[in-house]
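[1] Fold the following, please.
(one chain, ligands or ions: 1)
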Amino acid sequence: MNAEDLKSIVKQANQIPDAHIANIGAHVVNRISTVLGGLYNGTGIELSVGWLADANVRARAYERVPGVHKIEISYGLATWLYRQAHILTAIIKTDHLLEKYSKAFIGSPSGQTRLLPEGTTAEQCRDLMFDTTLEWVFLHELTHHAQSHLNIRSAHSSASNLEIVDEAHVIGEPPLTGEEAKISHATEIAADHEAVIHLLPYRAFGNKGKQLPQAEVFMFVCGLVSLFHKFYGSSSAPPEPIPVGTHPHPAVRFALARSAIMGVLSNPDFVSASAHWAIEKDKTFSMIDEAYTVGALYSLELDNRASSEKAMAFIMSTNIKERPNTKAYLRTIFSQLKELTPEIERQYVFTLLKAKLPVITQEWEDLVKDASPADASSLSV
Ligand SMILES: [Zn+2]
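    Next up is the predicted model:
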């Protein structure tokens, strides 16, 4: 693929009318909020979902009127996501990423052939990426409400600006630090987690034979990574050793979201009923890894205009097992999550379910236990 081909794909994406995308987005959000809105039955709380007339990529959760859980998603998020999905799937239909970044795909299950999931067209993949990612955004906001994150954040902070959970990186405001940043990051990770736990069964339930095809997981991962980068701003810097700002680094967010995905795909009941292809764990893990690499490379190089060297360095540097900084960061986050867990469980809004929080397995504990304080200062890419 040359620069001209790429330009024409982008042009094509930009010609898709905003109103067309807004309609599809409204349909997707309507469907999921109708199905999962039932979780509010018996809580005495009302769920209110609306669209923000904002061209920026935004999503938020707040409760200005007591007893009304408000979720808002911007039209800008829908139009950006749809075009992103259109361009990304058109690109991965070619060998563009494989040619340029062959090093990043060594050992990938697709080998050196095509990245697009088998048996699917680019249009189907575009729709899967759009639908699953938008549904996840809704579920992430729903979890902020269900787990009472607004209460929890304000109970631990004197700042008055915590009455709303806003997903996008706000430029120009001083970043959160210390306790407030720790709580913000931990609750974001908790919302990421529960959103994944609900999304995959929701997808399977809505499909023929209650099946969750592999392509849905692949495209969801591509969309999720693109979204994490978009919300984080255009930075291609590696993760910090301590929580700073409102949201965790995209690579860290993804590593933990992947654990949630693998958790669902390791549940024997779910696998035998809906995802038989996931029975080989190693293959599933590599497939998710490959989708992450595709999504991250694309977001960094094409969406954020990072050089291909920078994008490649980023991918290579996000192997969290080899990064002391990330280990130190995770140790802080894990202890924060453990501290918040009883509070979240107690304040969980839905009566039919229990809060779903990240499980800090022994493997995670072992991974972060050797993060010495000295590691935290040894920043290296
Ligand atoms: Zn959030």
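[2] pLDDT (mean, whole number) over stretch 302-317?
    Here stretch 302-317 scores 68 as its mean pLDDT.
[3] What ranges does the stretch 251-381 of the chain have for its helices?
    Along the stretch 251-381 of the chain, counting by DSSP state H, counting those that start in this stretch, helices occupy 268-274, 281-297, 308-317, 324-347, 362-369, 373-377.
[4] Quickly, which of those helices bottoms out on average pLDDT?
    Note on those: lowest mean pLDDT is at helix 373-377, with a mean of 44.
[5] just to revisit the earlier point, so which of the helices of the stretch 251-381 of the chain is nearest Gln211?
    With C-beta to C-beta as the criterion, Gln211 lies closest to helix 268-274 of the helices of the stretch 251-381 of the chain, at 5.6 Å. Quick note: C-beta positions are derived from backbone N, CA and C, even for glycine.
[6] Quick one: list the elements packing against the closest one.
    Helices and strands touching helix 268-274, by 3 or more C-beta pairs under 8 Å, 6 or more residues apart in numbering; DSSP states H and E, are helix 178-206.
[7] Point out the other helices and strands that the helix it packs on packs with.
    By 3+ C-beta pairs under 8 Å, 6+ apart, helix 178-206 packs against helix 18-37, helix 122-146, helix 149-155, helix 214-232, helix 250-265, helix 268-274, helix 324-347.
[8] quick one: the last one to helix 250-265, angle?
    It refers to helix 324-347. Interaxial angle, helix 324-347 versus helix 250-265 (axes from the mean of the first three to the mean of the last three C-alpha atoms, to 10 degrees): 50 degrees.
[9] Show me which positions of helix 324-347 end up buried.
    324-334, 336-337, 340-341, 344 (16 or more other C-beta atoms under 10 Å).
[10] any chance of the helices and strands packed on helix 178-206 in JSON lines, plus distance to Lys354?
    Putting the helices and strands packed on helix 178-206 into JSON lines (distance: least, C-beta to C-beta, whole Å) gives the following:
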{"stretch": "helix 18-37", "distance to Lys354": "16"}
{"stretch": "helix 122-146", "distance to Lys354": "10"}
{"stretch": "helix 149-155", "distance to Lys354": "16"}
{"stretch": "helix 214-232", "distance to Lys354": "24"}
{"stretch": "helix 250-265", "distance to Lys354": "15"}
{"stretch": "helix 268-274", "distance to Lys354": "17"}
{"stretch": "helix 324-347", "distance to Lys354": "7"}
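[11] how about those, which one is nearest the ion?
    The ion lies closest to helix 122-146 among these, at 5.4 Å (C-beta to the ion).
[12] just how off-centre is the closest one within its chain?
    Here the centre of helix 122-146 is set off from its chain's centre by 9 Å, with C-alpha atoms, centre = their mean, to the nearest Å.
[13] Just the buried residues of that helix, please?
    Neighbour-count burial for helix 122-146 [16+ other C-beta under 10 Å]: 122, 124-146.
[14] Let me see the mean pLDDT of that helix.
    If you average the pLDDT over helix 122-146, you get 96.
[15] try stretch 73-87
    96.
[16] is that stretch up against the ion anywhere?
    No - applying C-beta under 5 Å from the ion, one finds stretch 73-87 separated from the ion by no less than 12.0 Å.
[17] any residues touching that stretch, and which ones?
    Under the contact criterion C-beta atoms under 8 Å, 6 or more residues apart in numbering, stretch 73-87 has outside partners 9-10, 12-14, 16, 18, 21-22, 24-25, 29, 49, 51-59, 125-127, 129-130, 133-134, 137-138, 141, 219, 223, 226-227, 230, 298, 302-303.
[18] filter these to the buried ones?
    Going by neighbour count (16+ other C-beta under 10 Å), those have 9-10, 13, 21, 24-25, 29, 49, 57-59, 125-127, 129-130, 133-134, 137-138, 141, 219, 223, 226-227, 230, 298, 302-303 buried.
[19] which residues sit in contact with the residue sitting nearest the centre point of the chain?
    Centroid-nearest residue in the chain, with C-alpha atoms, centre = their mean: Leu224, separated by 3.9 Å. By C-beta under 8 Å, 6+ apart, the residues touching Leu224 are 133, 136, 254, 257, 295.
[20] Then Ser157?
    Shown in contact with Ser157 (C-beta under 8 Å, 6+ apart): 179-180, 183.
[21] Count the neighbours of Pro268 for me.
    Counted by other C-beta atoms under 10 Å, the residues lying close to Pro268 total 8.
[22] er, Asn2 I mean
    By the criterion of other C-beta under 10 Å, Asn2 has 7 neighbours.
[23] how close does Trp80 get to Ala296?
    17 Å (C-beta to C-beta, to the nearest Å).
[24] And those two? Which one has more around it.
    Ala296 (25 against 19).
[25] hang on, the more buried one packs against His229?
    Yes - here Ala296 lies in contact with His229, judged by C-beta atoms under 8 Å, at a distance of 7.0 Å.
[26] Let me know the pLDDT of Leu5.
    No Leu there; residue 5 is Asp. At Asp5, pLDDT is 82.
[27] hang on, it in a helix?
    Yes - under DSSP: H, G, I helix; E, B strand; the rest coil, Asp5 falls within a helix.
[28] Not including adjacent chain positions, what is the nearest residue to it?
    Thr94 (7.6 Å; C-beta to C-beta, 6 or more residues apart in numbering).
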